[in-house]
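Novice: The following block contains a protein sequence and its predicted model.
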Amino acid sequence: MLRNLFENMPAVTKNLLIINILLFVISLFLAQSGTGLENILEAHYFNSAFFQPYQAITHMFMHSLTDPFHIIFNMLLLVTFGSHLERVWGRKRYFIYYISCGLGAFILYNAIGAWEIMELQSELVAAGNDIEYINRLMAEGKLVSGSHLNVTFVNKLITAGDLMLPPEVQETFRTYIEYNYSSLVGASGAVFGLLAGFAMLFPNTELNLMFIPVPIKAKYLIGAYLAFEIYSSFNNSGDNIAHIAHVGGAIVGAVFVLVWKKDKSNFY
C-alpha cells in the first residue's frame, strides 16, 4: 500500500518528502556525534549574529529532532494536500507556490523578530555597549554555555568594564542573546500555504479525521485551524511553535490563489 502511494505520488511532492526525511535522518546521526546540521541550516532573524541568506530556503527542509511529531505531521499534510494541488497546477506552478509560501512564512516571522532585536539593541547601546562586540562574542560561542547564558564569563566582562549591564539592563541583555539564538525550522509555513490554497479552491470538499466521525468541509476545518494559528500568534503560549510563520505561509498562499484565479484559462 505504501509502495503504491509513493509510486503514484507526483514528482515535486515526492522529492520534497524525500529531502525532508533525508535531512531529518542525517541530522539525527550528526547530532549523535555532536555536530548539529540544524545549527547551520535553521533560520535566524535577519539581524541576528547567526543569520545567513541561504537559511531562507534551507530552514523549510529541517525539523525539530526532539519532536518527531513535527516532521510526521508536516509530511502527512504535504502528501495529502500537496499531491492534489500538484496534480491540479502542474510541477512548475506548484513548486513556485510551495517555495513562495515558505519564504512568506520566513519573512513575516523575521520581520517581527528583527524589529524586536533592533529595540533591544537600542537599549543596550544607550547603556554604553558595543553591539558589534557582543555579536562577535556570540558568534565565537563565548556568551552561552550549553543552552544557558555563560554567567561566569559575562560577570567577568562586566567587572572588566567591557559590558555595561546595570541591573535594569541585564534582562534586556539576556533577551537579546535569546533572540539571536532563536531559530525557525520546518516545512510548516509552506504546508500552511497548501492548506490555504486547498481551502480556497475546494472549499466544499469534505475531509475525514480519524477522531471525528463526521466529515467536515475544507473551508470550515482548515478555516478553524488558521483562525487558531492567528489567535496563537498574538497570545504567546510558550509552546515554541512559530504560529506567526504559519500565518505568513497561509497569507502568501491566499494571495497567489487570488491572483491566479483571475486567469481562469490558465489556472487549472
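Specialist: Looks like it came in fine. Numbering: from 1, shown residues only.
Novice: any idea how far Met62 lies from Ser48?
Specialist: Applying CB to CB, to the nearest Å, the value for Met62 to Ser48 is 16 Å. For the C-beta atoms, the positions are set from N, CA and C on the backbone; glycine is no exception.
Novice: Which pLDDT value goes with the closest residue in space to Ile71 that isn't next to it in sequence?
Specialist: Among residues not flanking Ile71 along the chain, His63 sits closest, at 3.9 Å (CB to CB, 6 or more residues apart in numbering). What the model reports as pLDDT for His63 is 89.
Novice: Please, where are all the strands along the chain?
Specialist: 144-145, 148-149, 206-209, 212-217 (DSSP state E).
Novice: Pipe those strands into TSV and attach mean neighbour count, mean pLDDT and distance to Val88 per row.
Specialist: Formatted as TSV, the strands of the chain follow (neighbours: other CB atoms under 10 Å; pLDDT from 0 to 100; distance: least, CB to CB, whole Å):
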stretch	mean neighbour count	mean pLDDT	distance to Val88
strand 144-145	14	77	47
strand 148-149	12	74	49
strand 206-209	12	82	17
strand 212-217	11	82	18
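Novice: Let me know how buried the nearest residue to Ile19 once chain neighbours are set aside is, in neighbour terms.
Specialist: Nearest residue to Ile19 in three dimensions, chain neighbours excluded: Phe61, at 5.4 Å (CB to CB, 6+ apart). Phe61 has 19 neighbours, counted by other CB atoms under 10 Å.
Novice: so what's Phe61 up against?
Specialist: 19-20, 23, 41, 187 (CB atoms under 8 Å, 6 or more residues apart in numbering).
Novice: Taking those residues, tell me the two that lie furthest apart.
Specialist: Spatially, the most separated pair among the contacts of Phe61 is Leu41 and Ala187, at 12.6 Å (CB to CB).
Novice: Tell me which of those two has more neighbours.
Specialist: Ala187 (30 against 20).
Novice: For the nearest residue to that one once chain neighbours are set aside, give me its contacts.
Specialist: Spatial nearest neighbour of Ala187, excluding adjacent residues (CB to CB, 6+ apart): Asn74 at 4.6 Å. Counting by CB under 8 Å, 6+ apart, Asn74 makes contact with 20, 63, 186-188, 191.
Novice: how near is Thr13 to Phe46?
Specialist: On the measure of CB to CB, Thr13 and Phe46 end up 30 Å apart.
Novice: Mind pulling the model confidence for the nearest residue to Thr205 once chain neighbours are set aside?
Specialist: Distances taken as CB to CB, 6+ apart put Ala218 closest to Thr205, at 4.7 Å, once the chain neighbours are dropped. pLDDT recorded at Ala218 is 92.
Novice: again, but for the one 4 residues further on
Specialist: pLDDT, Ile222: 93.
Novice: Just give the number of residues close to it.
Specialist: So Ile222, with other CB under 10 Å, has 25 neighbours.
Novice: where does the spatially closest residue to it that is not a sequence neighbour land on pLDDT?
Specialist: Spatial nearest neighbour of Ile222, excluding adjacent residues (CB to CB, 6+ apart): Ala199 at 4.0 Å. At Ala199, the pLDDT value in this model is 95.
Novice: Wait, Ala199 touches Gly223, no?
Specialist: Yes: the criterion here is CB atoms under 8 Å, and Ala199 meets it with Gly223 at 6.3 Å.
Novice: Comparing these two, which shows the higher neighbour count?
Specialist: Set side by side, Ala199 and Gly223 show more neighbours around Ala199, with 25 against 15, by other CB under 10 Å.
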